[in-house]
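S.K.: Fold the following.
(2 chains, ligands or ions: 3)
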Amino acid sequence: MASTDVVKQDTGSRQDRDPVVNDFSIQVATVNGSGSQSANSALMRSIFLMGVPVSGKNLFPSNIAGLPTWFTIRVNKYGYSARKQETDLLVAMNPETAAEDVRALGAGAIVLFDEPLKLEVLRRDLEFFPVPIDKIAGPLAPEPKLKKLLRNMIYVGALAHLLWLDMQAVEEAVRKQFNGKKRAAENNIAAVRAGYDYAVANFPRSRLKVERMNENANKIIIDGNSASALGALFGGVTVVSWYPITPSSSLVESLTEYLKQYRVDGDGKATFAVIQAEDELASIGIVLGASWAGARAMTATSGPGISLMTEFTGFGYYAEIPAVIWDVQRLGPSTGLPTRTSQGDLLSTAFLSHGDTKHPMLLPASVAECFEFGYTAFDLADRLQTPVFVMSDLDLAMNNWVSDPFPYPEKPLDRGKVLSKEELERLGSFARYKDVDGDGIGYRTLPGIQHPNGAWFARGSGHNEKAQYSESPEDYVKNVNRLNRKWETVRSIVPGPVIERSTPGAELGIIAFGSSHWATLESVDQLQQEQGIALDYLRLRAYPFNAAVNEFVAGHERVYVIEQNRDAQMLQLIKMDIAAADIVKLRSVCYYNGHPLDARFVSDSIVSQEQK
Amino acid sequence: MATTPNPPATAKINRVGLSVIDYRGSKSTLCAGCGHNAISERIIEAFYEMGIEPERVAKLSGIGCSSKTPAYFLGRAHSFNGVHGRMPAVATGAAVANRNLLYIGVSGDGDTASIGLGQFAHLMRRNVPMIYIVENNGVYGLTKGQFSATADIGSRLRTGVVNELPAIDICALAIELGATFVARSFSGDKKQLLALLKAAIAHNGTVLLDVISPCVTFNDHEGSTKSYKFVKDHEEPLQEIGFVPSFEEIDIEYETGNGVEVSLHDGSKMRLAKLEEDFDPTDRIAALTRLAHAREKNEVLTGLFYVNPAQPNFTDLLNLVDEPLGTLPQEAVRPPRSVLDRIMEEFR
Ligand SMILES: Cc1ncc(C[n+]2csc(CCOP(=O)(O)OP(=O)(O)O)c2C)c(N)n1
Ligand code: SF4
Ligand SMILES: [Mg+2]
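M.R.: Ligands and ions are numbered 1, 2, ... in the order given. Predicted coordinates:
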């Protein structure tokens, strides 16, 4: 990798080193609430507009203003988009962390910094570019508040010079960032130019170079939560109920905006309702009530909210009421680490509630899958008549990702087995929980059906086929056994796993899912190129698993399961499903510090386990 | 209605051609004499007399003896017996998804005033169109007689335990929080309860009916303030309540001397013969004050405390289309391809 090359070199003179083209990472260290988000997004978009694959991650604290925050941008011509461990260029704007940030850099890295911080005295093996941010900002705006915001655009301008960015692309990116707000855009562009001019006058170009490519034609930049919201919009969501919690809030907030824009009819009447509930107990209760009455209802939350939904989820399982629940995972209960990413809710969600309950979970790995699962989750919930969880995470949900545009859903909405009045008239009557078709799923009616035999009684686990109250052991066993048959149907229709990489004859397998996908993909290539280790990679897209997962494990000597939690939760779920003899083949790579996973961690872990 | 079976010629039928049998549910499994059973009887009568097709009704409840009762009335109505204290959320979701049904929720004093107090508060404040009945016996019947939060100070359990904490006044709370029809009744007061239930059916907003409903098994002894005897001895009705449904001709001239008339949303009228000279049930502050006095005097105050037929309800505020959200066709809920194209362009 290019950065390793850089590290190996003597950094005495900058001119004698080859430029590194389209393969490096930038870390911007600022203070939370200083408005650096717009500058960083504009920087990322500038590179995107130059047709170069780019990804960005915001590593931010749980705080409104004042605490340190970092934004990492990775430019990679091969399209690798996971976080990279090493930083090739640091933008040091935060006095509080600057010294520490500089000390953490590998030799040869570049530091662009706010001049008064005097960072150049700290190390001799780095390249320093001091920019007097305040001096440059001074003439740009008289108002201190505006000046503070413009400071960030000055480093964007300086970077434009250092990184050989195309100023036209940078200006376009800034305009896009301030979409429609012309004055703001022009002010910010002026700041970018001032930073750029200063850099041109004082520095040579750096050896890190962004060179135009054509990899982003037609592509979009979008965060996972917006993608999920769009999925729900096109899935025909009608009732949304939620209680704010990071990192899920922006999902419902952007969904609300879309609904207001696209789901109000000619008379100004809404075909949707968004209810901000009093807590997550109420959110899920509202969802179940609405779904019972036929709505496509959803909620979005994070781990602490999921735990409050426990009893109702079990109720949904036993009464067989559809629901779509997004769990945008973060770390831990209470405040926990609310702005840090995790895949730690798998076991608790898979079996949420008490009694023999289990729930399908969809595992989107990309913004495109956030969109796709956004609507298929409704089809599955309706078809399966059960709560369906979609397990996103903070990394996927709140960071911007480059993606192909989302294809329009081709399949019509699947509302599942709902009897109309006419059908009921033909049948005469129906038994709500009778397995007529052999797939474990009964027929339901919707409240409001105007038929004397149309009603059924939704209640928890104690009921017979006709939904009548029953405590009979036979009825209970019959019912939960049918629910197990339904579980086999679930298995057969949730999105199956996909083989992402395969090498003929590979003895080792790797299994990953969700946002871990990107680092895993890169790691598979890394291990092949650097170590000659060949791996087949299977990506899970849903729980429960189908036979392909068993076959994959059976077909390899050792299988590494990559996940972002401490206790190898996905591995535990796989263990429950595969042949006993195959269990010993499973190995685990667990990453759980709250930062997005990187390929080097996965590779190092596999190499060291293989050496044992 | 095409699907309504023709009743036998002899049976009495209501305006939609149904007899009272069509409003029954399955046989009650509650204790004989339980106040809750009497309330179920009044619900059956009210819906029958109002001529509401049971298929147009959705019954919801939480957990408790009281919450079991929806199984015992309106067997042809849609039903949702949820989890303890969470009926309000389910009702809210359903009411939003299908505005065309009539919603009736049954809860207990434990279900409402303890575990479900939060959801209760938010339902009241949203003015969700529904009838919310609290079958209030001052104890947790189903878990065998522990005090609930509506037990009065000084009330004594059979075991001798005396309640030392102040009671939550569900009606005062409901008025304070925004309910638009708030009344208290007694399971033993057939006439008043029936009139209130019929008016509740005619109201368009949250109706909170706090019905004192003695638990004969755990809280009907000497020393209890929720026993039949105590309530009969201390009941203080504010008004005599008459109800004239919208579909009935008003033939008798109404004596306006000592009473007021309240017009409800659907054109029905409540006639309140005043027993207390200057009580005005459209005055929120007065209602709260009167309830506070009742508390001080240990009265079991019943009657209509507060009504506001004009307040927009929760589904009005959401400005929904007329057709139920739950059954909107794909064309109405999935935007066309051109919309996705446009949105994708915004992200380029
Ligand atoms: C989450 C939960 N906690 C506790 C219970 C046990 N429980 C069942 S009914 C009940 C109290 C019911 O009291 P109330 O609402 O007054 O109804 P009543 O039986 O008196 O009519 C309790 C505590 C439960 N079902 N669920
Ligand atoms: S225990 Fe009390 S509340 Fe429950 S059914 Fe018996 S009398 Fe009614
Ligand atoms: Mg009770």
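S.K.: rest of the way, CA atoms for contacts and neighbours
M.R.: Noted.
S.K.: OK, contacts around residue A:564?
M.R.: With contact taken as CA atoms under 8 Å, 6 or more residues apart in numbering or on different chains, residue A:564 is in contact with A:342-344, A:516, A:590-592, A:597.
S.K.: nearest to residue B:199, of the residues you listed?
M.R.: Nearest to residue B:199 among the contacts of residue A:564 is residue A:344, at 51.9 Å by CA to CA.
S.K.: For chain B, what lies in contact range of ligand 3?
M.R.: B:108-109, B:137, B:139-140 (CA under 5 Å from the ion).
S.K.: Mind checking which of those are buried?
M.R.: B:108-109, B:137, B:139-140 (16 or more other CA atoms under 10 Å in any protein chain shown).
S.K.: So which of those sit within strands?
M.R.: B:108, B:139-140 (DSSP state E).
S.K.: Most neighbours among the contacts of residue A:564, which one?
M.R.: residue A:342 (31 neighbours; other CA atoms under 10 Å in any protein chain shown).
S.K.: What pLDDT is listed against it?
M.R.: Residue A:342 carries a pLDDT value of 95.
S.K.: The one 4 residues further on now?
M.R.: On the pLDDT scale, residue A:346 is placed at 98.
S.K.: what's the answer for the one 3 residues further on, then?
M.R.: Among the per-residue scores, residue A:349 shows a pLDDT of 98.
S.K.: which residue ranges form the helices in the stretch 151-300 of chain A?
M.R.: A:167-177, A:182-202, A:224-234, A:249-262, A:280-292 (DSSP state H, counting those that start in this stretch).
S.K.: list the contacts for residue A:411?
M.R.: No contacts exist for residue A:411 under CA under 8 Å, 6+ apart.
S.K.: count of residues packed around the closest residue to ligand 2 within the stretch 1-150 of chain A?
M.R.: Nearest residue of the stretch 1-150 of chain A to ligand 2, counting by CA to the nearest ligand atom: residue A:62, 48.2 Å away. Counted with other CA under 10 Å, the neighbours of residue A:62 add up to 15.
S.K.: hang on, the earlier thing: out of the contacts of residue A:564, which are inside strands?
M.R.: Using DSSP E, the contacts of residue A:564 in strands are residue A:590.
S.K.: Widest-spaced pair of the contacts of residue A:564?
M.R.: A:344 and A:597 (13.4 Å).
S.K.: host element of the residue of chain A found nearest ligand 1?
M.R.: Nearest to ligand 1, among the residues of chain A, is residue A:311, at 7.7 Å (CA to the nearest ligand atom). Here residue A:311, judged by DSSP states H and E, is contained in helix A:310-319.
S.K.: The next helix or strand after that helix and chain B in contact?
M.R.: Following helix A:310-319 in sequence order, the next helix or strand is strand A:323-331 (DSSP H and E). No: Strand A:323-331 is not in contact with chain B by CA under 8 Å from any CA of the partner chain; minimum separation 11.9 Å.
S.K.: Just the CA coordinates for strand A:323-331, please, in CSV.
M.R.: C-alpha atoms of strand A:323-331 as CSV (Å, rounded to 0.1, in the frame of the first residue of the first chain):
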residue,chain,number,x,y,z
ALA,A,323,-44.0,-4.4,12.1
VAL,A,324,-40.8,-2.9,10.7
ILE,A,325,-38.2,-1.9,13.3
TRP,A,326,-35.0,-0.3,12.3
ASP,A,327,-32.2,-0.8,14.9
VAL,A,328,-29.4,1.7,14.1
GLN,A,329,-26.9,0.1,16.4
ARG,A,330,-24.6,2.0,18.8
LEU,A,331,-22.6,1.0,21.8
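S.K.: How far does it sit from its chain's centre?
M.R.: 11 Å (CA atoms, centre = their mean, to the nearest Å).
S.K.: Quickly run through the sheet partners of that strand, with directions.
M.R.: strand A:297-301 (parallel), strand A:337-341 (antiparallel), strand A:387-393 (parallel) (DSSP bridges).
S.K.: Now do it, average pLDDT.
M.R.: 97.
S.K.: any residues touching that strand, and which ones?
M.R.: Contacts for strand A:323-331 (CA under 8 Å, 6+ apart): A:247-248, A:287-288, A:291, A:296-303, A:306, A:316, A:337-345, A:377-378, A:381-382, A:385-394, A:397, A:594.
S.K.: OK, contacts around residue B:280?
M.R.: Neighbours of residue B:280 in contact, by CA under 8 Å, 6+ apart: B:286-287.
S.K.: quick one: secondary structure of it?
M.R.: Under the three-state scheme (DSSP: H, G, I helix; E, B strand; the rest coil), residue B:280 adopts coil.
S.K.: State the distance from it to residue A:390.
M.R.: 53 Å (CA to CA, to the nearest Å).
S.K.: just to revisit the earlier point, would you mind finding the most buried of the strands paired with strand A:323-331?
M.R.: strand A:297-301 (a mean of 29; mean count of other CA atoms under 10 Å in any protein chain shown).
S.K.: Measure how that strand sits relative to helix A:249-262, angle-wise.
M.R.: Angle, strand A:297-301 to helix A:249-262, by axes from the mean of the first three to the mean of the last three CA atoms, to 10 degrees: 140 degrees.
S.K.: Please confirm that residue A:75 is located within a helix.
M.R.: No: using three-state DSSP, the assignment for residue A:75 is strand, not a helix.
S.K.: Share the number of residues neighbouring residue 33, please.
M.R.: If you meant another chain, say so; for now it's chain A. Neighbours of residue A:33 using other CA under 10 Å come to 15.
S.K.: The chain in question should be chain B.
M.R.: Neighbour tally, residue B:33, other CA under 10 Å: 12.
S.K.: same thing with residue A:356?
M.R.: Neighbours of residue A:356 (other CA under 10 Å): 14.
S.K.: now do residue B:313
M.R.: Neighbours of residue B:313 using other CA under 10 Å come to 20.
S.K.: Which pLDDT value belongs to it?
M.R.: Confidence score, pLDDT, at residue B:313: 96.
S.K.: So it sits against residue B:123, correct?
M.R.: No: contact criterion CA atoms under 8 Å: residue B:313 and residue B:123 do not qualify, at 10.8 Å.
S.K.: Where does pLDDT dip in the chain?
M.R.: In the absence of a named chain, chain A is used. Chain A contains residues with pLDDT under 70 at A:1-17.
S.K.: Can you look at chain B instead?
M.R.: B:1-10, B:250-258.
S.K.: Chain neighbours aside, what residue packs nearest to residue A:523?
M.R.: Nearest non-adjacent residue to residue A:523, counting by CA to CA, 6 or more residues apart in numbering or on different chains: residue A:599, 4.7 Å away.
S.K.: which secondary structure element contains residue B:173?
M.R.: helix B:170-177.
S.K.: what does residue B:196 give?
M.R.: helix B:190-202.
S.K.: And that helix, what's buried?
M.R.: Of the residues in helix B:190-202, those buried (16+ other CA under 10 Å) are B:192-202.
S.K.: can you tell me which two in the residues you listed are farthest apart?
M.R.: B:192 and B:202 (15.6 Å).
S.K.: possible to save the buried ones among the residues of chain B next to ligand 3 as a markdown table with distance to residue B:174?
M.R.: Below are those laid out as a markdown table (distance: CA to CA, whole Å):
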| residue | distance to residue B:174 |
| --- | --- |
| B:108 | 15 |
| B:109 | 13 |
| B:137 | 18 |
| B:139 | 20 |
| B:140 | 21 |
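S.K.: got any residues that touch both of residue B:313 and residue B:123?
M.R.: Joint contacts of residue B:313 and residue B:123 (CA under 8 Å, 6+ apart) are residue B:206.
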